[in-house]
Structure formats: C-alpha cells, structure tokens
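Engineer: got a predicted structure here, sequence first:
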Amino acid sequence: MKTIYTIEGMTCGGCVASVTEKLESFLGEGNVKVALKEKTVTINHKDQLDFGLLQNALAPKYTLLKNAIKNEVAGGVPEDSKWKQLRPLFLIFFYLFSTAFLLNRTAWDTSEAMLDFMGLFYIVFAFFKFLDLKGFPESFAMYDPLAKRLRLYGWVYPFLETALGLMFLMRFQVQAALWITVFILGLTTFGVTRTLLDKKKIRCACLGTALKLPMTEATFIENAIMLLMAFWMLF
C-alpha cells in the first residue's frame, strides 16, 4: 500500500534528508520518498500506519498533516473516493446555492441571486481561512501565482475575500467587486489549472487548512463558477 501525506516545515535538501532518515528508521530503508517542491511524503507499507508514531519520529519543526492526500492499494485504486474527500466542499456549495435561492424566491431576479451567492461564497470561504490564518499563506502560495511572489498577498487574501463578500451583499461598488473577482480568481484558476496539468498532489487552500482538501478538478470548477458569474454580471 502507498500513502501520501503533506508535510509542512521543510525548506531545503537538509530537511528532506532529515525527514527521510527519521521515517526510514522504523519504516525501513527505501520505503519513504520525500518531495521538497510538492511538500509530500510517500510511504510504502504493508501494515496500518500509526500517525502518532510518524509525527513523533520527526523533529518538532516538521508537521505531518493527518489526512493523507492519497491512499492507494496495489494497482493504484484509491481507498477514499474523491466524493468522500470533497464532500465538505460540495455541501458548502449546496447550502450557498440554497440560501441564495431562498433569499430571492418571492421576487426572483437572477442577478440579485448571483450577487447573494457570490457574497455568501466569499464570507464563508474567508471564515474557514481565518481558522488557520497563519497556515493559509503557505498553502495558498503552493499554487497561486501572485501568492508565490508576494507572501503578503496570502496574508491579506482572507480579508480581501471578506471585503468582497460584504460589497456584494450590501450592493456597494458591485462593478469594482466584480472586476476584482475576475482578477484574483483568474490568477488562482490559472495556478490551479497548471497544478492539475502537472499532476501535482498538493492540498487545496480554498477552505483554508482547517479542512484538508486535495487539489482536484472540483477546485477548478468552484473558481470557474465564480468567474462565469462575474463575467455574466459585467457583460
């Protein structure tokens, strides 16, 4: 069986060597593969892994994320389906769509419903990012082009989402909010697309780090929905 975990705290080749050595000390030589760029640890094993032992084997500066990015049995069949991994994201979208519909059901206006959905989207997604504001910028920088070059952008992003959410819900400077949405989500969608094409196994930061979501096509679809709504409203 092969299990892939995300690991935080690695900054250089020395970190890779240290993590590899510590994990191989009880998993056996050749059963651990550490990738610095992807920030992942791939473990080949026969028996069930004890997450606590894995974490305790590492130096305190390294944090192994409990939810594996991927669990595979022989032949590469995933143990956990994408649906199971992404269920929180789909549930959130269901509630957002339902709320936007209910708010406008008596006097239906598609544009008004879209503005409510976009406002709620930003507020809810910002909330999850604020749960771990310290860890979000690093995860976001793994695929967002601007966050990679300007780390301050990663710190500001949850506040920007909150501001945009309030602007949509309060119908304040909607045109400006739509253009900002096109810009920031256009950048993120570009980074997500490149990550998916490169088949990198990283964590999606759309719901912050509180929920360990893998980067999948669903991330692209969520951004695409918001971009399409923004373009619809603009043009």
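Structural biologist: Yes, it's here. Residues are numbered from 1 along each chain as shown.
Engineer: Pro214 reaches Lys201, doesn't it?
Structural biologist: Yes. Using CB atoms under 8 Å, Pro214 makes contact with Lys201 at a distance of 7.2 Å. Quick note: C-beta positions are derived from backbone N, CA and C, even for glycine.
Engineer: the more surrounded of these two?
Structural biologist: Pro214 (20 against 16; other CB atoms under 10 Å).
Engineer: tell me what that one is bridged to.
Structural biologist: For Pro214, the beta-bridge partners under DSSP bridges are Arg203.
Engineer: relative to Thr195, how far out is it?
Structural biologist: 11 Å (CB to CB, to the nearest Å).
Engineer: what do the two both touch?
Structural biologist: Here Pro214 and Thr195 have Ile202 as joint contacts, going by CB atoms under 8 Å, 6 or more residues apart in numbering.
Engineer: what segments of this structure are strands?
Structural biologist: With DSSP state E, the ranges of strands along the chain come out as 2-8, 32-35, 40-44, 63-64, 70-72, 203-204, 213-214.
Engineer: so which of those gets nearest Thr99?
Structural biologist: Closest approach to Thr99 among the strands of the chain (CB to CB): strand 213-214, 21.3 Å.
Engineer: now the closest one, how far from the centre of its chain.
Structural biologist: 6 Å (CA atoms, centre = their mean, to the nearest Å).
Engineer: now swap in stretch 220-228 and tell me
Structural biologist: With CA atoms, centre = their mean, you get 14 Å for stretch 220-228.
Engineer: swap in stretch 202-222?
Structural biologist: Computed by CA atoms, centre = their mean, the chain-centroid distance of stretch 202-222 equals 3 Å.
Engineer: buried stuff in stretch 205-217?
Structural biologist: By neighbour count with 16 or more other CB atoms under 10 Å, stretch 205-217 contains the buried residues Ala205, Cys206, Leu207, Gly208, Thr209, Leu211, Lys212, Leu213, Pro214, Met215.
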